[in-house]
Structures are given as structure tokens and as C-alpha cells.
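*Asks:* Following is a predicted model, sequence given first.
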Amino acid sequence: MNITDIRIRKIYHDARLKALVSVTIDGDLAVHDIKVIEGPERLFVAMPSRKDENGTFRDIAHPITSSARQELEGAILAQYAQYMEGLAAQAEPIPPPGDEDAPVL
């Protein structure tokens, strides 16, 4: 499996659901509505699902092997972390001119 693109589509700040993500595989297949969820011990990835007539949620698309799941989850969580770091860096105030502690740009 070659993950060719991961896009963070939407961020949620006040819920267990942290983000909605889209993934492109081999440049040919897109999977949308993958969720990044804050669990009790760590972030994890939940695949897109649909509620069936019995009220049970079933994945619409999912990795078949545990190694594929680990690869996909690792790539998504790394991209999410990088995205959140970028947002945090944008929010940092720029020091006024003449400040000795200011970073050199």
C-alpha cells in the first residue's frame, strides 16, 4: 500500500472527535471521513462507517491486515500531529523588533 496523500479536512477542538481526514492510496483510491479520535490513553483512527438497519455500525472501508492498519494509522496520526504543530506555530506571537530573544528569520 502506497499512501500518496493525507488531507486534514476538518478539526474539532472541544470533543473526542479531533479531526476528519481523507487519504489517497496509490494515487487512485480516496477514502474520506476517516476520524482521529481521542481515546482514554491515546489518539486513534476510526475508519468511515455506516449504521445498518439493526443499529450496528459497520466500516465502509478498512485495512484488511494489522500491518496495513498500523501503517495507515501511523501515517494519519503523524500528519495530524504535523498539522497541529503548524497551527500552533502560526498562533505564536511575533516578538517586537529589537528584542534580543527574537528568532532570526
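*Replies:* On my side now, so go ahead. Numbering: from 1, shown residues only.
*Asks:* Show me the shaky parts of the chain.
*Replies:* 93-105 (pLDDT under 70).
*Asks:* Next, name the residue at the spatial heart of it.
*Replies:* residue 80 (3.9 Å; CA atoms, centre = their mean).
*Asks:* If you drop the residues flanking it in sequence, what lies closest to it?
*Replies:* Leaving aside its sequence neighbours, residue 80 sits nearest to residue 36 (CB to CB, 6 or more residues apart in numbering; 5.2 Å). C-beta: built from backbone N, CA, C; applies to glycine.
*Asks:* can I assume that neighbour sits in a helix?
*Replies:* No - counting by DSSP: H, G, I helix; E, B strand; the rest coil, residue 36 is not part of a helix but strand.
*Asks:* burial count for it?
*Replies:* By other CB atoms under 10 Å, 25 other residues sit near residue 36.
*Asks:* Tell me how far it lies from residue 58.
*Replies:* Between residue 36 and residue 58 the distance is 20 Å, computed by CB to CB, to the nearest Å.
*Asks:* got a list of what residue 63 touches?
*Replies:* Residues in contact with residue 63, defined by CB atoms under 8 Å, 6 or more residues apart in numbering, are 1, 47, 69, 71, 72.
*Asks:* got it, and residue 51?
*Replies:* Contacts of residue 51 (CB under 8 Å, 6+ apart): residue 57.
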